[in-house]
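Enquirer: Provided below are the primary sequence and the corresponding predicted coordinates.
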Amino acid sequence: MRTLIARQTRFVLAASAVVYGIYIAIAPLVAGRTSFPPPVDNARLLFGFQKPFPQRFLYVLRPDQFREFEDADEDDQKSPVILYEDDKPLGPSQSDRADIENYGGGMYAHLKGTGFLMSTSDNSDPRTNGRRYYAAVPPAGRSTVTPPVENGRRLHRFEKPWPDRFVYIARAERLREFEDTDEDDQTSPVILYEDDKPLGPSHSDHIDIEKLGHGRYAHLKDRGILMSTSDNSDPRTNGRRYYAVVPAAGRSTVPPPVENGRRLHRFERPWPDRFVYFVRADRLREFEDADEANQKSPIVLYEDDKPLGPAHSGHHDIEKLGQGRYAHLKDQGILMSTSDNSDPRTNGRRYYVVVPGR
């Protein structure tokens, strides 16, 4: 009898352990699941997350119904699929595989033959964190964040060579023909956009990009695009998209006003509430005026193909009135303003300096 009771007791304990084990395994998936409905009507709930590398943030899954949208070219991703964590969209989408693995934070991509490479918003495990994950294709079949112009090419794979500086490097192999070989005389026509807003000033000095940031960028030979974001946030995690655009003709449609016109870059604005901008023009130092009361510098400034002026203006008038006034002063360079007091770094115009007769 005692043997029978002992066997029954062991059976009950073993059965209880099995039931408890099953409960522990499924409790997070059942009781812990959120009650969020699908974020949009056509959203599909995702299952079958696989984690190929235990120490990284990447998860992989491949739903059959989204295969038609998979990107064949990882360097030129266009898949319109949006991933959601409960009712919040993840992103940035179309991220680099290495960034998803190493940084996570909601980054994802949708690649041919692989499916979704994704991470969660806080790098937790989507199989046990109690949230639901959805995939949806916008009604128009494309992402609601579109390139700012038709030929906008999205940038990926931002590298940050120095953790304490604002510069990021993006390799754009298809734009190499436009790279500038001379950092002191940059002419690359490439325009960078943050979502649909142009960044700038372009052709900035690499030191200014590193230390000041705020949208400055340059496009240099063998280095690619050196850039910063508008608010010095990380382009890999700030949820925005970055595009490089070459104007339709490959160059500005406004040529230099005269053959020897030299384009101005690197506008500095020392006072945010005034109209003056400073431009260093080292190759024109010989013409700088030593005496503001008796200016004779021959240089002429152009806004696209229109001359600015009056030249030899007082610096107070340039600061407070602007409207094209400028001067060329020793140890200061060119003090200038635009015709309508807009920002020359973002107004889409080009500025040239000309020395008559040279």
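Expert: Sure, I can see it.
Enquirer: Nearest residue to the residue nearest the centre of the chain in space, ignoring adjacent ones along the chain?
Expert: The structure's the chain has its C-alpha centroid closest to residue 242; by C-alpha atoms, centre = their mean the separation is 3.6 Å. What sits nearest to residue 242 in space, not counting adjacent residues and going by C-beta to C-beta, 6 or more residues apart in numbering, is residue 155, at 4.4 Å. Where C-beta positions appear, they are placed from N, C-alpha and C, glycine not excepted.
Enquirer: so how many other residues sit close to the one you found?
Expert: 21 (other C-beta atoms under 10 Å).
Enquirer: Please renumber the chain so that the first residue is 579 from this point on.
Expert: Happy to do that; since the first residue is 579 now, the last one works out to residue 733.
Enquirer: per the record, what domains does this structure have?
Expert: 622-714, 731-823, 840-932 (automatic domain parsing).
Enquirer: Out of those domains, the one nearest residue 616 is which?
Expert: Closest to residue 616 of these, according to C-beta to C-beta: domain 622-714, at 5.6 Å.
Enquirer: distance between the ends of the closest one?
Expert: In domain 622-714, first residue to last residue: 6 Å (C-alpha to C-alpha, to the nearest Å).
Enquirer: Wait, the residue nearest to residue 820 touches residue 807, no?
Expert: No. Taking contacts as C-beta atoms under 8 Å, residue 733 lies outside contact range of residue 807: 11.3 Å.
Enquirer: so where do the helices sit in the stretch 579-728 of the chain?
Expert: 580-608, 675-680 (DSSP state H, counting those that start in this stretch).
Enquirer: what's the least confident stretch among those helices?
Expert: For the helices of the stretch 579-728 of the chain, mean pLDDT drops lowest on helix 580-608, to a mean of 56.
Enquirer: So which residues of the stretch 779-928 of the chain form helices?
Expert: Ranges of helices in the stretch 779-928 of the chain, per DSSP H, counting those that start in this stretch, are 784-789, 893-898.
Enquirer: Now mean pLDDT too, for those, in TSV please.
Expert: Shown next, in TSV, are these (pLDDT from 0 to 100):
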stretch	mean pLDDT
helix 784-789	90
helix 893-898	93
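Enquirer: give me the low-pLDDT residue ranges for the stretch 629-778 of the chain?
Expert: Counting by pLDDT under 70, the stretch 629-778 of the chain shows low-confidence ranges at 653-654, 717-725, 727-728, 762-763.
Enquirer: quick one, strands of it?
Expert: 637-639, 660-663, 666-667, 686-689, 693-696, 711-714, 731-732, 746-748, 769-772, 775-776 (DSSP state E, counting those that start in this stretch).
Enquirer: chain center to the third one, what's the gap?
Expert: Averaging C-alpha coordinates over strand 666-667 and over its chain gives two centres that are 19 Å apart (C-alpha atoms, centre = their mean, to the nearest Å).
Enquirer: Give me the below-cutoff pLDDT ranges for the stretch 779-928 of the chain.
Expert: In the stretch 779-928 of the chain (pLDDT under 70), the answer is 826-834, 837.
Enquirer: List the contacts of the closest residue to residue 683 other than its chain neighbours.
Expert: Closest residue to residue 683 apart from its sequence neighbours, by C-beta to C-beta, 6+ apart: residue 815 at 5.3 Å. Contact partners of residue 815, counting by C-beta atoms under 8 Å, 6 or more residues apart in numbering, are 670, 681, 683, 685.
Enquirer: Please check those and keep the buried ones.
Expert: 670, 681, 683, 685 (16 or more other C-beta atoms under 10 Å).
Enquirer: Let me know the distance separating residue 912 from residue 884.
Expert: 17 Å (C-beta to C-beta, to the nearest Å).
Enquirer: Between these two, tell me which one has more neighbours.
Expert: residue 912 (22 against 13).
Enquirer: so how many other residues sit close to residue 796?
Expert: The number of residues packed near residue 796 is 26, by other C-beta under 10 Å.
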